[in-house]
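[1] Give me a 3D structure for the following:
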Amino acid sequence: MKHDFREFDFPRASPESEGIPSGAINAYLDRMKELGIGIQGFILMRRGNIVSEMAASPYKITDRRHVYSISKSWCGAAIGIARDEGLISLYDKVISFFPDKLPETVSENLSLMTVADLLSMSSGHETDSTGACLNSPDGDWVKTYLAYEVKYRPGTHWCYDSANQYMLCAIIERVAGVSALEYLRPRLLNPLGIRCEDVKTDSGIERGVEWDRCPQGICEGGWGIHVSPLDMLKLGSVYLNDGMFNGKRIFSRDWARRASAYHTENSGTADWSQGYGYTLWRCQHQCFRGDGAYGQLMVALPEQEAVWIQTAEDNRFQDAMDAFWELVYPHFNRSALPENEAALSELRKTEQSFEFQTALCGGEEKDFDGEYKVEGLMDVEKLIIKTEGRKAALSFVFPDGTRTIWAVNGGWRRTFIENFPSALYEWMLRPESRRRAEAAATFKWEGNRLCFKIQFVDSPHGQSLVFDFDKKVMTASGTAVPDGKREYRLS
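    As a prediction, this is how the structure comes out:
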């Protein structure tokens, strides 16, 4: 199928022109710095105009990265479009799509489970089935899901279960004959100006949207999509505008309203207790959101005609929400405000200078070439380390080949790495999982210790690796490292 793709970008405007004081946004970003919340990207749009955006170094605003459970909201959009097209109904029974995957005995509760129950996290499971699916011995997640105990009558019990959205992607594949990502391509991604192919730009390669797959090739649904903050803004804008985008209908007004409405009660406090819709959460102030682990946020503010996007590596979700409700939300005005050049200049400086990780700088310049076996680092057979002046290469040697990450001193160097074991730096992945990764890396020498910072910009996560050649130890630290830090013997 030939896809009609056209680039789309939002216009930019000053916050004051859209009725928001620049100082209010700056106060929010300052609060994030004060709290030490690891923001990696931020966008605020009102009435179709981006009034503030920033990408914290070494990220770019166009980086397509794993957004964890915001994937669910893209899956929900696919279901909404399929419903609009008459391919499925909210009341279709889940078992009707998979007659070849059913357990020997189909319980009454399983037989009652519907598409709507999957969307609203009310499948009837007492516990999350995702772990069971990930650990399916035969890799058949659909079969494992359908065999999982459905303790409660569907529609009566809320349980957050990421595999519910995996099943929705499996349903899309059954009724449409293509993956959820390919189904969305002509119906959502292309009309929103979201590219699926990589393209070369003046600043390097811009990646297309990707969705990680299960062993049988089905999009993971509840997680695994790789989109940029700008892509998230576009999806949030569609939901905000009742299914419309740039004058084109993407999905029906009925679906936009249903998806963002309250359907089930969920436990928690503040923004965790406002109810759950169809792959969207309700928020305080009659707002709604998609969100993902480590602080990925797509928040729609209907009364303010605004969308707030944030990417991060920090699970203090409520602290970020509270700061926004306190510092920005009260300052939305219906009419434009007088321009404030000093406050706007200060905001733009904050946006431009925001860092998530600071590049390593200084130290000695050494020419070094060493090979080391490393004990317990997945299936890494050895590491090859080379430094030459202000350049370095760190190579991971696996049974099926070598992957190299390049680094510089005093800045960041980006590397695409094909078929990289993503379980080295991310959660919810099988040890054998492989992905095309993109790393930004920096290094420096401290005496006889070699320090690397690696930020995987296709992800919220990174690692610091410190090689102590006197002790023959490599220390790894980062959120995806067990207990935040681990030592590996070098030989």
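[2] all contacts plus neighbour counts: C-alpha atoms, from now on.
    OK.
[3] can you tell me how far E365 sits from N409?
    The gap separating E365 from N409 is 9 Å, by CA to CA, to the nearest Å.
[4] These two: which is more packed in?
    Set E365 next to N409 and count neighbours by other CA atoms under 10 Å: N409 wins out with 22 against 14.
[5] who touches that one in this structure?
    If you count contacts by CA atoms under 8 Å, 6 or more residues apart in numbering, N409 has them with A359, L360, C361, G362, R390, K391, T442, F443, K444.
[6] And the pLDDT at the fourth one?
    What the model reports for G362 is a pLDDT of 96.
[7] Give the burial count for it, as a bare number.
    Residue neighbour count, defined by other CA under 10 Å, stands at 12 for G362.
[8] ok, the contacts of N409 vs L181, which is closest?
    T442 (33.8 Å; CA to CA).
[9] where exactly do the helices run in the stretch 151-300 of the chain?
    Secondary structure of the stretch 151-300 of the chain (DSSP state H, counting those that start in this stretch): helices located at 163-176, 180-184, 229-240, 253-260.
[10] Kindly compare burial across those helices and name the winner.
    Burial of these is given as mean neighbour count (mean count of other CA atoms under 10 Å); helix 229-240 ranks first at a mean of 25.
[11] quick one, it and helix 253-260 angle?
    Computed by axes from the mean of the first three to the mean of the last three CA atoms, to 10 degrees, the angle separating helix 229-240 from helix 253-260 equals 110 degrees.
[12] which outside residues touch helix 229-240?
    Helix 229-240 is contacted from outside by 41-43, 61-64, 74, 192, 194, 244-245, 250, 256, 260, 298-302, 305-311, using CA under 8 Å, 6+ apart.
[13] and what of stretch 149-165?
    With CA under 8 Å, 6+ apart as the test, stretch 149-165 has contacts from 69, 72, 75-76, 107, 109-110, 112-114, 117-130, 133, 145, 220-223, 264-266.
[14] ok, now with 7 Å
    Contact partners of stretch 149-165, identified using CA atoms under 7 Å, 6 or more residues apart in numbering, comprise 72, 75, 109-110, 112-113, 117-118, 121-130, 221-222, 264-266.
[15] gap between the two ends of it?
    So stretch 149-165: terminal residues 17 Å apart, CA to CA.
[16] Give me the buried positions along that stretch.
    For stretch 149-165, a neighbour-count test (16 or more other CA atoms under 10 Å) marks 150-155, 157-165 as buried.
[17] if we take those residues, which one ends up nearest to D140?
    Relative to D140, the closest of the buried residues of stretch 149-165 is A163; by CA to CA it sits at 12.4 Å.
[18] Regarding the chain, what is its longest strand?
    strand 435-446 (DSSP state E).
[19] distance between it and the chain's centre?
    With CA atoms, centre = their mean, to the nearest Å as the basis, strand 435-446 stands 20 Å off its chain's centre.
[20] moving C-terminal of that strand, what's the next helix or strand?
    With elements assigned by DSSP states H and E, the helix or strand that comes after strand 435-446 is strand 449-456.
[21] chain center to that following strand: distance?
    Offset of strand 449-456 from its chain centre (CA atoms, centre = their mean): 23 Å.
[22] Tell me who's in contact with C214.
    With contact taken as CA under 7 Å, 6+ apart, C214 is in contact with E220.
[23] Who does I225 form a beta bridge with?
    I225 has these beta-bridge partners by DSSP bridges: W211.
[24] what's the spacing between it and C196?
    Distance of I225 to C196, computed by CA to CA: 12 Å.
[25] for D400, same thing?
    Taken as CA to CA, the span from D400 to C196 is 28 Å.
[26] Pick out whichever of the two has more residues nearby.
    C196 (17 against 8).
[27] Quick check: closest non-adjacent residue to the more buried one.
    The shortest distance from C196 to any non-neighbouring residue, by CA to CA, 6 or more residues apart in numbering, is to G208 (4.0 Å).
[28] Run a quick check on that neighbour versus G193, I expect a contact.
    No. Judged on CA atoms under 7 Å, G208 makes no contact with G193 at a distance of 11.1 Å.
[29] so where's the stretch 251-400 of the chain uncertain?
    Within the stretch 251-400 of the chain, not a single segment meets pLDDT under 70.
[30] repeat that with 90
    Residue ranges of the stretch 251-400 of the chain with pLDDT under 90: 265-269, 375-379.
[31] Which neighbours do I225 and C196 have in common?
    Common contacts of I225 and C196 (CA under 7 Å, 6+ apart): E210.
[32] coming back round to it: let me have the helices of the stretch 151-300 of the chain in TSV, extended by distance to L35.
    Putting the helices of the stretch 151-300 of the chain into TSV (distance: least, CA to CA, whole Å) gives the following:
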stretch	distance to L35
helix 163-176	33
helix 180-184	37
helix 229-240	22
helix 253-260	30
